[in-house]
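> take this sequence and fold it.
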Amino acid sequence: MTCRHFSFLASIMVASIAFGQGEVLRALSTRPVVERGQAKDAVDRIFIYQNGTQEIPLMDDFSIDRTRKRNAQEGDPDVTLDQTIYRLEVGGISTPGMRFSLDSTFRRTVDGAEPPVTTRTPLPSVFVTVRDLSVYPPTSQIVEAWPAYSILDSLTAPPPDTTFQTSPALIQDSLLVYGVAPAGGTYVMNDVETPLILWEDDDVYINGTYPVEPPTIGVATFDGLARTGYPYDFPNYTSYGRADKLTSVPINLEYPASDSIYLSFFYQAKGLSGDSIPQLGDSLLLEFYAPLEQSWYRVWGIPYVDQAPFQQILIPITQSRFLKSTFQFRFVNYATLSGSFDHWHVDYVRLGAQRTFNDVRLVDVAYMYPEASILQTYTSVPFARFEDAPSTAMALQVQEKLRNLDINDRFITYGMSAVNEDGGPLTNFTNGVNSSGNAASILTVDHAINSAPNSFVYDNSPSTDAAFWDVKFWSNATPDINRYNDTIHLIQELSNYYAYDDGSAEAGYGLNAAGAKLAYRFDLIGADSLRAIRMYFNPIANQPPNTPPYDGSFLLTVWTSLSPEVIQHQNFSFSSPEYRLDGIDHFVEYALDSTIRVEGTIYVGWTQTNTAAMNIGFDRNRNNKTKIFYNVGGSWANTSFNGSLMMRPVMVSGVDPWAGVEELNAEPGALLLYPNPAHDRVRVSLAEGVPARSTIVCMDATGRVVASIPANSTLEFSTGDLANGLYVVRVNDANGLPLAQGRLVVQH
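Got it, this is the predicted structure:
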């Protein structure tokens with residue numbers, strides 16, 4: 001992983017969710033998306049995505065992702081090269097080597113007289129069509145140009161000499177235009193199969209963890225992050241403007257206005273992620289496309305509002321300019337463009353005919369939130385400890401929220417199923433029935449797990465050292481217009497760690513005091529061997545002039561008691577937060593200097609050495625605040641925030657699923673240190689090369705700089721005088737900003 005991105009992150013203003021005494025909870029700044037690699041040569045490419053036309057009625061409740069993923073590349077079976085567009089053209093002809101000057105060039109002829117006489121004759125000009133390949137379709141203009149060379153013809157010393165311009169104004173370039181065929185797949189709506197893809201772009205984030213009491217289990221979230229998961233504008237933390245869009249594919253709307261066509265949707269501002277401050281400049285808009293005019297029209301909008309329940313909006317479509325066979329609509333938000341701050345959530349979009357202004361009825365029963373586990377207290381426990389006490393580890397029951405969106409009572413049954421992915425029978429239970437008093441209501445439904453009548457406990461006999469269970473919660477109400485939101489699906493992992501969190505960060509948590517301590521309580525099922533702590537640090541911006549998050553450093557610490565404070569283990573070597581940019585919610589493992597035996601109650605966490613709020617991921621959907629403790633002034637206190645830290649103690653195990661995760665130093669631009677461990681010398685390498693005037697800095701466990709040398713031609717430095725232990729090596733650019741860093745072990 002490189003640190004180059006964080007020189008930008010360090011300059012972005014963060015809108016905080018809340019502050020406590022010495023602790024801070026802040027909005028996310030990035031949500032990195034893993035992109036398929038594109039070709040890295042100098043050739044420009046564009047991919048034109050074709051989409052099938054949808055027919056009404058249509059709907060999307062975002063319980064599945066129906067956006068078109070715009071990550072095609074050469075060689076895909078559905079990708080064809082349709083056109084090559086050249087930048088320069090003369091007389092209808094383009095050749096690869098075309099180069100021209102925008103100023104006159106000349107032939108200079110020198111005769112043999114005494115003194116010599118020089119005659120300058122302009123070379124013939126041509127009219128060149130110049131296309132702007134940075135936009136599609138390219139725009140063009142015609143300019144007068146001359147050959148990109150001059151000729152010196154000395155009659156006394158033939159042949160003539162030709163001097164070519166090294167940087168002519170016009171150089172040939174090309175754009176490869178690829179066509180991407182429509183995506184396949186179908187979506188069942190009212191028991192009728194329709195094309196799966198409804199949205200032609202993927203700027204928004206489809207998720208089930210950001211909103212508050214959504215109509216159904218998924219929403220489309222609009223914020224200030226581009227489709228890559230990075231801010232639209234990194235360096236300018238006050239930048240504001242048009243951000244995400246969600247554009248429908250073409251829709252056949254060639255109907256008379258008398259057919260009473262309406263578009264409806266639900267919306268909510270803010271939610272569990274983003275900032276907490278309503279900003280009047282931010283807004284959510286709805287726009288309609290008039291195909292014959294090739295123009296978009298704003299038909300609805302709302303300024304940023306405070307937290308409120310989802311509201312349903314109905315928009316009639318009556319103008320003939322929209323009632324065409326290739327109609328489209330799109331949602332757009334205006335937001336702060338430097339991070340994931342200003343959130344809007346859209347749910348349950350419906351477009352159909354024969355509707356009325358008060359057509360708010362949805363004949364649908366849906367789950368509202370995803371689930372992470374059916375264990376007691378934890379979302380995961382070590383496989384071996386589960387086997388020691390399976391009944392103790394299982395939850396007695398879990399509660400899920402089920403919403404009847406209909407204005408009438410429905411007869412609803414609900415239950416669960418589970419199956420071990422390593423084999424074994426499918427277990428299925430009907431856990432309850434609700435038949436009255438549920439119209440337009442949210443139902444809290446109880447699913448019995450390890451209690452009567454189910455008394456269900458995971459049977460891991462088909463598994464060895466790790467088990468994965470496919471668990472589903474289902475509901476049934478007939479009729480029902482959408483079956484996708486009737487089921488919650490989760491994978492229960494039992495391997496080598498304890499976890500409270502659901503694996504999704506809605507915010508970043510940090511302490512902003514040097515010497516601050518963070519401790520997370522775990523009540524272990526039995527004795528075990530603790531070898532590491534797994535943590536997710538979300539790549540988040542900081543508010544200048546605060547210490548940047550990537551400058552944070554800490555000592556992994558394990559306590560057996562906080563009152564009185566009893567430290568069982570503390571690393572001698574210090575660690576620094578690693579912010580993975582290769583995907584969302586990716587954990588990093590931090591090893592203890594030595595494996596320790598643990599049992600009973602332990603607290604895992606850190607003691608930090610500076611004021612950097614390092615922004616560990618904070619899950620706001622599962623509340624374990626009573627397990628989170630911090631100390632910034634000599635005494636321990638519970639956190640003031642509801643949620644769970646994304647911090648997981650890892651035990652010794654015969655099988656470790658974590659071993660399949662790629663190392664960070666495999667990423668492009670990562671800092672490579674070799675040999676590592678080092679004895680007397682170590683060499684430094686960056687995949688992208690080390691820029692001139694860079695500096696190599698080595699820091700010990702206290703954060704003290706023990707070596708700082710200019711990056712020389714060999715990129716080596718001596719470790720002979722360094723004590724055994726773990727060090728952080730960082731490469732800084734000419735301005736002192738970090739380019740990359742890595743861990744170095746010195747062993748003599």
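> which of the three states applies to E387?
helix (DSSP: H, G, I helix; E, B strand; the rest coil).
> OK, contacts around it?
Counting by Cβ atoms under 8 Å, 6 or more residues apart in numbering, E387 makes contact with N460. C-beta: built from backbone N, CA, C; applies to glycine.
> how much space is there between it and I525?
Separation of E387 from I525 (Cβ to Cβ, to the nearest Å) stands at 10 Å.
> same question, F266
According to Cβ to Cβ, F266 and I525 sit 42 Å apart.
> what residue ranges in the stretch 1-150 of the chain score low on pLDDT?
The stretch 1-150 of the chain contains residues with pLDDT under 70 at 1-20, 35-42.
> any idea of the mean pLDDT in stretch 492-504?
Stretch 492-504 shows a mean pLDDT of 96.
> again, but for stretch 339-354
Mean predicted confidence for stretch 339-354 is 94.
> measure that stretch end to end?
End-to-end distance for stretch 339-354: 41 Å, by Cα to Cα, to the nearest Å.
> how about it: buried residues?
By neighbour count on 16 or more other Cβ atoms under 10 Å, the buried set for stretch 339-354 is 339-352.
> among those residues, which are located in strands?
Taking DSSP state E as the definition of strands, those contribute 344-352.
> so which of the residues you listed is the closest to P122?
Nearest to P122 among these: W344, at 60.8 Å, using Cβ to Cβ.
> next one: the closest one from R68, what distance?
Taking Cβ to Cβ, one finds W344 at 20 Å from R68.
> how close does the residue lying closest to N496 once chain neighbours are set aside sit to D388?
Nearest residue to N496, sequence neighbours excluded (Cβ to Cβ, 6 or more residues apart in numbering): S653, at 3.6 Å. According to Cβ to Cβ, S653 stands 14 Å off from D388.
> neighbour count winner among these two?
Neighbour tally, S653 and D388, criterion other Cβ atoms under 10 Å: the higher count belongs to S653, 19 against 15.
> and the more buried one, what's its pLDDT?
At S653, the model reports a pLDDT of 78.
> now swap in V558 and tell me
Looking at V558, the pLDDT reads 97.
> for beta bridges, what are the partners of it?
With DSSP bridges applied, V558 shows beta-bridge pairing to H569, V604.
> can you count the residues close to it?
V558: 22 neighbours (other Cβ under 10 Å).
> redo the buried residues of stretch 339-354 as a markdown table? Include distance to S685.
Shown next, in a markdown table, are these (distance: Cβ to Cβ, whole Å):
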| residue | distance to S685 |
| --- | --- |
| G339 | 32 |
| S340 | 33 |
| F341 | 37 |
| D342 | 41 |
| H343 | 41 |
| W344 | 44 |
| H345 | 45 |
| V346 | 46 |
| D347 | 49 |
| Y348 | 52 |
| V349 | 50 |
| R350 | 56 |
| L351 | 55 |
| G352 | 60 |
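> and T209, what does it touch?
Each residue near T209 by Cβ under 8 Å, 6+ apart is listed here: 272-273, 369-370, 502, 504, 506, 621.
> which one among the residues you listed gets closest to A220?
S273 (13.6 Å).
> what about that closest one, neighbour count?
Neighbour count of S273, defined by other Cβ under 10 Å: 26.
> can you verify my assumption that it contacts S29?
No: counting by Cβ atoms under 8 Å, S273 stays clear of S29, with 11.2 Å between them.
> so what sits against both of the two?
Common neighbours of S273 and S29 (Cβ under 8 Å, 6+ apart) are S340.
> list the contacts of the residue lying closest to Q54 once chain neighbours are set aside.
The shortest distance from Q54 to any non-neighbouring residue, by Cβ to Cβ, 6+ apart, is to I251 (4.9 Å). Shown in contact with I251 (Cβ under 8 Å, 6+ apart): 53-56, 58, 326-329, 351.
> next one, pLDDT for I251 please.
I251 is assigned a pLDDT of 97 by the prediction.
> over to the residue lying farthest from the centre of the chain. Which of the three states is it?
Here the centre of the chain is the reference, and by Cα atoms, centre = their mean the most remote residue is E114, at 75.9 Å. Three-state assignment for E114 (three-state DSSP): coil.
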